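Q: fold the following and give me the result.
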Amino acid sequence: MIQQLYHNPDIYQIHVDLPDNPLKYLNSYVVKGPTRHLVIDTGFNRPECQAALCGGLRELDVDLSRTDLFLTHLHGDHSGLVGLFTAAGCPVYMNEIDYTYLCDEHAGQAWQFIEDTYMKEGMPPEDIKSQFTNQARRYSPRIDFPIHAVADGDVVRLADIDFHVIHTPGHTKGICCLYLPEQEIFFTSDHILFDITPNIQVWPNMSDSLDHYLESLEKVRSLPVKLALPGHRKGSTSIVGRIDEIKEHHRRRLNEVLSIAAAQPGSTAYDIAPHMTWSMRGKKWHEFPPTQKWFAMGETLAHIEYLLHHGQLRREEQGGLFRYYPV
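A: Numbers count the residues shown, from 1 in each chain. As a prediction, the model looks like this:
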């Protein structure tokens with residue numbers, strides 16, 4: 001499905017279906033300029049995503065020989081089809097932090113860190129092995145493309161218009177949003193989503209990701225925004241109210257972790273996770289699909305890490321496992 005969202009510049013949204021994924025679809029944005037075009041994010045490296053994206057580009061008559069690609073962050077649902085663009089000679093813009101991590105992920109280093117971490121945090125080996133078919137693993141891009149590295153504060157000329165790059169670490173360490181100050185249009189990627197909450201997990205290259213994320217929300221809070229265009233689901237005309245909702249969501253979740261640790265001192269993160277509030281349509285923890293357990297575990301650890309760094313929780317290693325106690 002294609003929808004025109006704005007005129008002058010001409011901004012379109014292509015819904016790229018994400019089969020068997022709770023996110024449902026990716027919003028790939030196309031900005032058509034007089035001489036060049038811009039595509040923002042791609043979908044997974046799988047045939048269904050390729051069909052949706054390429055079909056939309058054909059319908060919009062986008063000539064890839066006159067197109068640039070901006071990848072907001074490393075996740076496969078945003079970067080998976082980069083090979084289509086590099087094969088056509090399209091320049092690729094991306095933050096170097098996430099590009100480096102993507103290379104490490106492809107080499108297996110990043111996944112090994114997460115597996116080792118989850119093992120120490122109490123996740124059973126069979127649950128860890130079930131993640132070998134995780135979509136983020138199976139449908140990630142091939143790492144054989146160069147990038148034009150972008151950083152916070154850069155102004156890049158894309159689709160014949162100046163885009164301002166805003167680095168918003170949290171969801172990943174290198175995630176970047178794009179902003180058009182004259183039009184007050186904010187491409188929020190997965191930094192701000194409006195009917196689901198962005199996933200915040202632990203990373204080997206970023207300590208206290210939740211703290212970074214909350215700081216990044218404040219960083220953009222005062223940004224004048226008339227149209228916010230997220231990476232998934234529906235957009236909005238404002239970000240302030242949604243930022244407040246997201247912050248309140250994390251405040252409640254931090255209190256949940258503290259309450260569980262107080263009621264069950266010595267719990268592992270894997271012990272804590274099933275007792276937290278998750279939006280899984282009434283399913284019990286043992287009914288969660290493997291990928292959702294993986295994300296829930298990462299979220300739980302991000303909140304535990306925040307509480308550790310802020311002196312509200314303490315950790316002890318016992319028998320090779322980390323256990324948590326209230327302060």
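
Q: show me the strands in this protein, by range?
A: 2-6, 10-17, 25-32, 37-40, 67-70, 92-95, 148-150, 155-158, 161-167, 176-180, 185-189, 227-230, 313-318, 321-326 (DSSP state E).

Q: mind checking pLDDT for the closest residue to residue 273 other than its chain neighbours?
A: Using CB to CB, 6 or more residues apart in numbering and skipping residues adjacent in sequence, the residue nearest residue 273 is residue 300, 4.3 Å away. All C-beta spots, glycine's among them, are computed from the backbone N, C-alpha and C. Listed pLDDT for residue 300 reads 98.

Q: surely residue 300 meets residue 271?
A: No. Residue 300 lies out of contact with residue 271 (CB atoms under 8 Å); the separation is 9.7 Å.

Q: contacts for stretch 245-261?
A: Applying CB atoms under 8 Å, 6 or more residues apart in numbering, the contact partners of stretch 245-261 are 192, 197-198, 200, 210, 214, 217, 267, 272, 275-277, 299-300, 303-304, 306-307, 312-313, 324-326.

Q: got a PyMOL select line for the buried ones in the residues you listed?
A: Restricted to buried positions by 16 or more other CB atoms under 10 Å, the PyMOL selection for these reads:
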select buried, resi 192+197+198+200+210+214+217+267+272+276+299+300+303+304+306+307+313+324
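
Q: hmm, who's touching stretch 197-215?
A: With contact meaning CB under 8 Å, 6+ apart, stretch 197-215 is reached by 97, 101, 110, 113-114, 117, 169-173, 190-192, 246-247, 249-250, 295, 298-299, 301-303, 305-306, 309-310.

Q: counting only helices, which of the residues you listed make the cut?
A: Taking DSSP state H as the definition of helices, these contribute 97, 101, 110, 113-114, 117, 246-247, 249-250, 295, 298-299, 301-303, 305-306, 309.

Q: show the buried residues in those residues.
A: 97, 101, 110, 113-114, 117, 246, 250, 295, 298-299, 301-303, 305-306.

Q: need the max-distance pair from these.
A: 113 and 246 (26.5 Å; CB to CB).

Q: residue 170: how many residues sit nearby?
A: 24 (other CB atoms under 10 Å).

Q: flag the least confident of the buried ones among the ones in helices among the contacts of stretch 197-215.
A: residue 110 (73).

Q: that residue touches residue 101, doesn't it?
A: Yes. Judged on CB under 8 Å, residue 110 makes contact with residue 101 at a distance of 6.2 Å.

Q: do you know how far residue 259 is from residue 252?
A: 10 Å (CB to CB, to the nearest Å).

Q: what do you get for residue 77?
A: In terms of CB to CB, residue 77 sits 27 Å off from residue 252.

Q: go on, residue 51?
A: Counting by CB to CB, the gap from residue 51 to residue 252 is 40 Å.

Q: next, count neighbours for residue 195.
A: Neighbour tally, residue 195, other CB under 10 Å: 10.

Q: ok, now how distant is it from residue 168?
A: Counting by CB to CB, the separation of residue 195 from residue 168 is 19 Å.

Q: do residue 36 as well
A: Counting by CB to CB, the gap from residue 36 to residue 168 is 26 Å.

Q: those two: which is more packed in?
A: Neighbour count, other CB under 10 Å: between residue 36 and residue 168, residue 168 has more, with 25 against 18.

Q: correct me if wrong: the more buried one contacts residue 216.
A: Yes. Residue 168 is in contact with residue 216 according to CB under 8 Å; the separation is 3.9 Å.

Q: got any residues that touch both of these two?
A: In contact with both residue 168 and residue 216: residue 191, using CB under 8 Å, 6+ apart.

Q: how far does stretch 34-53 sit from the chain's center?
A: 17 Å (CA atoms, centre = their mean, to the nearest Å).

Q: got the end-to-end distance for that stretch?
A: 21 Å (CA to CA, to the nearest Å).
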